[in-house]
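Student: Structure for the following, please:
(one chain, ligands or ions: 1)
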Amino acid sequence: MALLFLSTPNRAPVWRAILSEAGETMFEGEEAVTDPALVTEIACWVPPKDLGRYPNLRAVISVGAGVDHLPPMPPGVALSRTLAPGIEAMVRDWVVMATLLLHRDLPLYIDQARQGLWRPHPVQPATARRVGILGMGRIGRLAAHSLQALDFDVAGLSRSGGGRDAEPGSVPVFAEGDVEAFLARSDLLVCLLPLTSETRGVLGAGTFAALPAGAGLIHAGRGGHLDMPALREALDTGRLSGAVLDVTDPEPLPADHWLWRDPRVIITPHVAAQTDATEGARHALAVIRALRLGTTVPGLVDQQKGY
Ligand code: GLV
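Tutor: From the prediction side, this is the model:
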């Protein structure tokens, strides 16, 4: 029984130390595998070309929070995503940063600065800014509570129902059927959804039309959520006044893409979070142990739902 490690090489020494201290075997890279029958878990971002090569595979562990980039699992193989406090806090930080950037008109001031223009605009208090979080999973809730602590008027939208998110504070959560009302009160829309066949293209003309005029978009989901022509149209017509994007379609965004040149848009290259090696290895170890004990695999993905 062994774990096949296919993540970035700089993380390998940390993984090796943590797994070997726990008495687990780890192969680093497919070429290191002496016998494919020994591989019971694979930890990867980029998966191996052929999962079928490993007859005793029990689980594939995404070293990130997302799993949309992974192929369908062979029958009986569990899929786990790395949920860890560090990843969640990093995405929360990025969302708070992006929200403050749009709230305080940073794209406008950066553009003015490039032109040497000293021109103040009215400042709004955070209490006057309604933030809507699309996707109230662990990261969405964390971001919602942090933004609420900064006095933003925060609400969420969740597939699993409405009501109020109890602690800490109480963020109103709209149910899927109330999406129009949720969007109509989102001056700043934050997308943290997983990418599934149902959410692909969700950031498109219909969604943008339902937002208050001049709303801002904050996106740390996936490029596949974005309808890029609709984004361009929404920016050009002023329906959207600005956007901060950590993900784009395509990725990497080509150097000559129109999006780079739009002064209302700030782009970061899919860096909202990067999995800490220690957290990732500990998560993998917890998966191995749960499989052995027959308990619930941490970060287990519902492969029907896709998250
Ligand atoms: C990054 O996008 C991740 O899924 O961890």
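Student: Name the next helix or strand following the helix or strand encompassing residue 183 along the chain.
Tutor: For residue 183, the element it lies in under DSSP states H and E is helix 179-184. Next along the chain after helix 179-184, taking DSSP H and E as the criterion, comes strand 188-191.
Student: quick one: contacts of that next one?
Tutor: 95, 98-99, 102-103, 129-135, 140, 143, 152, 183, 202-203, 207, 211, 215-221, 225 (C-beta atoms under 8 Å, 6 or more residues apart in numbering). From N, CA and C alone the C-beta is placed, and that goes for glycine too.
Student: coming back round to it: using neighbour counts, pick out the buried residues of the helix holding residue 183.
Tutor: 179, 182-183 (16 or more other C-beta atoms under 10 Å).
Student: One more: stretch 79-96?
Tutor: 79-84, 87-88, 90-92, 94-96.
Student: same check, this time on stretch 288-296
Tutor: 288, 290-291.
Student: Which members of the buried residues of helix 179-184 additionally contact the ligand?
Tutor: Restricting the buried residues of helix 179-184 to those touching the ligand (C-beta under 6 Å from any ligand atom) yields no residues.
Student: pLDDT and distance to residue 262 added to those, as CSV?
Tutor: Shown next, in CSV, are the buried residues of helix 179-184 (pLDDT from 0 to 100; distance: C-beta to C-beta, whole Å):
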residue, pLDDT, distance to residue 262
179, 96, 27
182, 97, 26
183, 98, 22
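Student: ok, for the residue in the stretch 151-300 of the chain that the ligand sits nearest to, nearest residue in space, not its chain neighbours?
Tutor: Using C-beta to the nearest ligand atom, the single residue of the stretch 151-300 of the chain nearest to the ligand is residue 273, 5.7 Å away. Take residue 273 and drop its neighbours on the chain: the residue closest to it by C-beta to C-beta, 6 or more residues apart in numbering is residue 90, 3.8 Å away.
Student: can you list the residues of the stretch 1-150 of the chain near the ligand?
Tutor: So far as C-beta under 6 Å from any ligand atom goes, the stretch 1-150 of the chain lies against the ligand at 64-66.
Student: how many other residues sit next to the residue in the stretch 1-150 of the chain that the ligand sits nearest to?
Tutor: Going by C-beta to the nearest ligand atom, the ligand is nearest to residue 64 of the stretch 1-150 of the chain, at 2.4 Å. Counted with other C-beta atoms under 10 Å, residues neighbouring residue 64 total 17.
Student: wait, what's in contact with it?
Tutor: 45, 81-82, 87, 273, 275.
Student: State the pLDDT value of it.
Tutor: Per-residue confidence (pLDDT) for residue 64: 95.
Student: in what helix or strand does it lie?
Tutor: Secondary structure (DSSP H and E) places residue 64 outside all helices and strands.
Student: start at 790 instead
Tutor: Fine by me, first position is 790 from now on; the one you just mentioned is residue 853.
Student: What does the residue nearest to residue 1062 show for phi and psi?
Tutor: Per-residue torsions, residue 879: phi -60, psi -40 (degrees, to the nearest 10).
Student: Could you double-check that it lies in contact with residue 1068?
Tutor: No - shown here, residue 879 and residue 1068 do not form a contact pair, counting by C-beta atoms under 8 Å, at 10.5 Å.
Student: returning to what we had before: how about a markdown table for the residues of the stretch 790-939 of the chain next to the ligand, with distance to residue 903 added?
Tutor: Shown next, in a markdown table, are those (distance: C-beta to C-beta, whole Å):
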| residue | distance to residue 903 |
| --- | --- |
| 853 | 34 |
| 854 | 35 |
| 855 | 34 |
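Student: Among those residues, pick out the one closest to residue 818, please.
Tutor: residue 853 (18.8 Å; C-beta to C-beta).
Student: what's in contact with the strand or helix carrying residue 920?
Tutor: Following DSSP H and E, the helix or strand that holds residue 920 is strand 919-923. Residues outside strand 919-923 that contact it (C-beta under 8 Å, 6+ apart): 888, 929, 932-933, 936, 941-946, 960, 971-972, 974-982, 991, 1001, 1010.
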